[in-house]
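[1] below: sequence and its predicted model.
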Amino acid sequence: MPPPAIRAEEILTTLVGIPSESSLSNEPVADFAEKLLAPLGWTVRRAKWRDARGVEKMNLVASSHDGPGAALAFAGHADTVPPAPGWADAVALRDEGDGRLTGLGACDMKGFLAASLAVCESLDPRRLAHPLQFILTADEEVGCLGAKRLAREDRGLVLPHRVVVGEPTGLAPACAGKGYGILEVIVHGREAHSAFPARGHSAVFDAARVLRRLEELAGTLAAEATPGYEPPHATLNVGLIRGGSAKNVVAGRCEMTVEFRPPGGLGDGDRLRERILETLAELHPAVELTVTPVRTDPGFATPRDSPLVRLASEKGGRAPSSVSYGTEAPYFAELGAEVIVCGPGDMTRAHRAGEYLTRAELAEATAFLAALAAVECGGQ
């Protein structure tokens, strides 16, 4: 068998060649992982379900030992975003000749999956002193749905002590990540012909009051510093507004989508959501509102001096960091795991045509994960 670094490139070639957009079943990726590890003595379990469109999805857990526990787990998602328009060869890994390996998902996050599988394949599970797991999830790109199921519906499937979630961080161990939330706000008015505005009540004018209040709250949040994040505070955004029915009609309805990203760990998203709701409630009864919480995803915060953060910093040679985008890390934290987000590549390369990982980054990630497994699981 080739050395793990070379093997990781072979595995990445196969993984990129398996279409796995979130709209598709991730079973082909799970099948590949199982065919790789099961013959070597790894215990493989799956938890299946069908998504809202009836497409079969699954989480796969490959364990060196029987049972849900693990000293260390490598966790990553099988799905990718759709290819950018015009990227015809997105699902064929290309060697660009300058060290770049280009393909859909190469950076986010099939490179990490390839490195993890290469490391697991190189180990004899019977000789590991402590359990190691490879966790493959579904539908991260559309709401971390697979990880949520592991944490809330299939809790007996995995109970790892420490987890590395392999989103691209340049191998800097991110020990904190912001949460994410969405509120849908409807401002209610009363339609009338715009020639006779007194006969109606403008939902758009009232929406301006809502926007002003949210802007004030965003300013307050910006002054409440939470070091270790970029930016170092909670953020609030109104990204969509839809209002009125015609240019000569007083608007009877205005809708807006409010997005918020709280720093901190479990529960901080709920607290910020309630703060936004209380702020909007202060406008009542002058402004008639319907506010519907659509989504509240938690953040995570692992102490910077925790054993896993210190080990990852030592083996990877990078200082601890944080991430501002959503990851699966909070759901492993819900299971009681010590968790970091740490993988090869740079997130700014993802979700666009020409996504790539360098050969050097893939090799370094493979060596890094092997070093973590040697310390946490030992026995080889």
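    Ah, there it is. As the structure is a prediction and not an experimental result, all values here were calculated from the model. Residues are numbered from 1 along each chain as shown.
[2] so where does Leu150 fall, helix or strand?
    helix 145-152 (DSSP states H and E).
[3] can you list the strands that the helix or strand just after that helix pairs with?
    Per DSSP H and E, helix 145-152 leads on to strand 159-160 as the next helix or strand towards the C-terminus. Sheet pairing of strand 159-160 (DSSP bridges) gives strand 69-70 (parallel).
[4] helix or strand right after the partner strand?
    From strand 69-70, the next helix or strand downstream (DSSP H and E) is strand 72-77.
[5] which neighbours does that following strand have in its sheet, and in what orientation?
    By DSSP bridges, strand 72-77 pairs with strand 132-137 (parallel), strand 162-165 (parallel).
[6] one step back: of all the residues in the helix holding Leu150, which ones are buried?
    Leu145, Gly146, Ala147, Lys148, Arg149, Leu150, Ala151 (16 or more other CB atoms under 10 Å). Every C-beta, even on glycine, is put in place using the N, C-alpha and C of the backbone.
[7] so which of those comes closest to Val165?
    Val165 has its nearest neighbour among the buried residues of helix 145-152 in Ala147, at 8.6 Å by CB to CB.
[8] from memory that closest one sits against Leu136, does it?
    No. Under the criterion of CB atoms under 8 Å, Ala147 makes no contact with Leu136, lying 10.8 Å away.
[9] tell me how far the residue nearest to Lys247 when sequence neighbours are not counted lies from Ala208.
    Distances taken as CB to CB, 6 or more residues apart in numbering place Ser194 nearest to Lys247, at 7.6 Å, with adjacent residues excluded. Per CB to CB, to the nearest Å, Ser194 is found 17 Å from Ala208.
[10] and stretch 351-364, what's buried?
    For stretch 351-364, burial by neighbour count (16+ other CB under 10 Å) applies to Glu355, Tyr356, Leu357, Thr358, Arg359, Glu361, Leu362, Ala363, Glu364.
[11] in TSV, list the strands paired with strand 72-77 along with mean pLDDT.
    Shown next, in TSV, are the strands paired with strand 72-77 (pLDDT from 0 to 100):
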stretch	mean pLDDT
strand 132-137	98
strand 162-165	98
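[12] between those strands, which gets nearest to Asp124?
    Once the strands paired with strand 72-77 are compared by CB to CB, strand 132-137 is nearest, at 11.0 Å.
[13] take the buried residues of stretch 351-364 and keep only those in strands.
    Per DSSP state E, strands hold the following members of these: Tyr356, Leu357, Thr358.
[14] moving C-terminal from the host helix or strand of Tyr331, which element do we reach first?
    Taking DSSP H and E as the criterion, Tyr331 maps to helix 329-334. Sequence-wise, the next helix or strand downstream of helix 329-334 (DSSP H and E) is strand 338-341.
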